[in-house]
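> mind looking at a prediction? Sequence and model below.
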Amino acid sequence: MPFVEYVNPACTGDIILERNVYKDRPEVLLIERGSCPFVGKWAFPGGHMNLGTETVENCVVRELKEETGLVVLEKDLRLFGVYSEPKRDPRGHYVTHVYTAESFEGQLEANDDASDAKWFFLDDLPELAFDHEKIINDYIAKNKYIWKGMKK
């Protein structure tokens with residue numbers, strides 16, 4: 001039987017990290033991208049899974065720490081969804097596993113390929129990179145967040 005070489009999509013992991021400092025007005029953590037594509041646009045912390053050395057959950061924990069200085073434990077991650085639309089990333093076909101968490105430690109500081117990291121209210125988000133607007137709208141819909149002026 002002949003050997004078949006497959007060309008597969010890249011695998012990434014992202015995190016929707018939420019905090020509720022203000023009653024009934026949750027915030028999510030976003031990073032400002034400092035590298036292509038989408039330089040200067042905002043996105044969820046996350047990135048590429050290292051081949052042969054980590055799980056997607058390891059990747060999410062590592063990328064969050066590298067980009068923001070914050071630490072989340074794997075046990076606190078909850079799989080939110082998998083996004084695999086072939087044209088979701090201009091670099092090629094990427095499949096991202098999006099996790100959520102609310103527990104974290106550390107001091108927020110933009111690092112690595114993030115030029116900034118900030119908390120944003122769900123009803124006052126900046127322009128998002130990739131398909132992250134779709135992802136956050138799915139998150140809002142799933143969690144039934146409804147407030148005046150909410151983006152749909």
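Thanks, I have the structure now. Numbering: from 1, shown residues only.
> what lies in contact with stretch 128-143?
Applying C-beta atoms under 8 Å, 6 or more residues apart in numbering, the contact partners of stretch 128-143 are 14, 16, 28, 30, 33, 37-38, 41-44, 80-81, 83, 85, 88-89, 98, 100, 122, 125, 150-152. All C-beta atoms are positioned from the backbone trio N, CA, C, and that covers glycine.
> pLDDT weak spots in this protein?
Within the chain, the stretches with pLDDT under 70 are 145-152.
> ok, longest strand in this structure?
Assignment by DSSP state E gives strand 10-22 as the longest strand of the chain.
> how about the helix or strand following it: buried residues?
For strand 10-22, the following helix or strand on the C-terminal side (DSSP states H and E) is strand 25-33. Buried positions in strand 25-33, judged by neighbour count with 16 or more other C-beta atoms under 10 Å: 26-33.
> give me the next element, helix or strand, following strand 25-33.
The helix or strand immediately downstream of strand 25-33 is strand 42-43, counting by DSSP H and E.
> which neighbouring elements make contact with that next one?
In terms of contacts (3 or more C-beta pairs under 8 Å, 6 or more residues apart in numbering; DSSP states H and E), strand 42-43 is packed against strand 25-33.
> pairing partners for the strand it packs on, with directions?
With DSSP bridges as the test, strand 25-33 is paired with strand 10-22 (antiparallel), strand 42-43 (antiparallel), strand 114-121 (antiparallel).
> quick revisit: what comes up buried for the longest strand of the chain?
By neighbour count with 16+ other C-beta under 10 Å, strand 10-22 contains the buried residues 11-18.
> kindly report the same for stretch 106-116.
110, 112, 114.
> may I have that stretch as PDB, with CA atoms only?
Extracted C-alpha coordinates of stretch 106-116, given in PDB (Å, rounded to 0.1, in the frame of the first residue of the first chain):
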ATOM      1  CA  GLY A 106      -0.900  36.800  38.400                       C
ATOM      2  CA  GLN A 107      -0.300  40.400  37.400                       C
ATOM      3  CA  LEU A 108      -1.600  41.500  33.900                       C
ATOM      4  CA  GLU A 109       1.200  42.600  31.700                       C
ATOM      5  CA  ALA A 110       1.400  42.300  27.900                       C
ATOM      6  CA  ASN A 111       4.300  40.100  26.700                       C
ATOM      7  CA  ASP A 112       5.500  38.000  23.800                       C
ATOM      8  CA  ASP A 113       3.500  38.900  20.600                       C
ATOM      9  CA  ALA A 114       0.900  40.900  22.500                       C
ATOM     10  CA  SER A 115       1.500  44.700  22.300                       C
ATOM     11  CA  ASP A 116      -1.200  45.300  25.000                       C
END
